[in-house]
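*Asks:* coords below, sequence missing:
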């Protein structure tokens with residue numbers, strides 16, 4: 001697979017970068033922030049090789065998708081759900097597996113609350129809660145700017161990561177995976 005992003009689609013007047021790979025049952029991947037679908041570059045080929053049709057897109061304001069210059073354009077979790085629904089229509093997907101990371105998890109949770117009938121399964125990796133983003137810590141980082149975070153010394157990052165890990169909670173629902181979806 002040479003490129004993850006293979007096309008551009010206009011959704012609600014905004015350009016969204018997306019790609020489809022493989023054949024079979026559909027799996028949609030949602031990225032987090034400040035990322036793009038590029039985070040799935042090592043996952044999508046393996047999932048496609050297992051007989052699934054994979055779908056990725058860069059959320060509005062991220063990656064290769066349009067970054068609206070108008071600050072009034074809503075790029076919140078709720079607004080991104082509408083983008084996801086439009087992408088599902090574009091791809092002709094009524095039911096699909098959904099894999100979400102970080103901010104994408106908040107989008108996935110809202111979709112699950114309002115459209116649970118559309119999901120065959122939901123896999124969430126290190127996600128935000130759809131009603132609590134951004135966290136106070138993330139809000140502080142955003143106010144200081146990403147450049148301040150990037151310039152912080154290594155021990156600051158390690159301390160931040162340690163505190164973050166100690167504050168993590170999880171709720172795992174264990175359900176047997178079909179053989180073709182077992183971890184690599």
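*Replies:* Cool, the structure landed. In this text, all values refer to a predicted model and were calculated from it rather than measured experimentally. Residues are numbered from 1 along each chain as shown.
*Asks:* Going by C-alpha atoms from here, please, whenever you check contacts or count neighbours.
*Replies:* Will do.
*Asks:* How many neighbouring residues does residue 123 have?
*Replies:* Neighbourhood size, residue 123 [other CA atoms under 10 Å]: 12.
*Asks:* quick one, helices of this structure?
*Replies:* Under the criterion DSSP state H, the chain carries helices at the ranges 44-49, 77-91, 103-114, 136-144, 146-151, 154-166.
*Asks:* Could you say which of these is packed most deeply?
*Replies:* helix 103-114 (a mean of 22; mean count of other CA atoms under 10 Å).
*Asks:* residue ranges with poor pLDDT in the protein?
*Replies:* Residues of the chain that meet the criterion pLDDT under 70 lie in 1, 129-138, 142, 146, 161, 164-184.
*Asks:* again, 90 this time
*Replies:* In the predicted model, the chain carries pLDDT under 90 at residues 1-2, 33-35, 71, 76, 125-184.
*Asks:* Which of the helices of the chain sits closest to residue 67?
*Replies:* Among the helices of the chain, helix 77-91 comes nearest to residue 67, with 13.1 Å by CA to CA.
*Asks:* between that closest one and helix 103-114, how big is the angle?
*Replies:* 80 degrees (axes from the mean of the first three to the mean of the last three CA atoms, to 10 degrees).
*Asks:* Which other helices and strands does helix 77-91 contact?
*Replies:* strand 7-11, helix 103-114 (3 or more CA pairs under 8 Å, 6 or more residues apart in numbering; DSSP states H and E).
*Asks:* switch to 10 Å and redo it
*Replies:* Applying 3 or more CA pairs under 10 Å, 6 or more residues apart in numbering; DSSP states H and E, we find helix 77-91 packed against strand 7-11, strand 14-21, strand 25-30, strand 52-57, helix 103-114.
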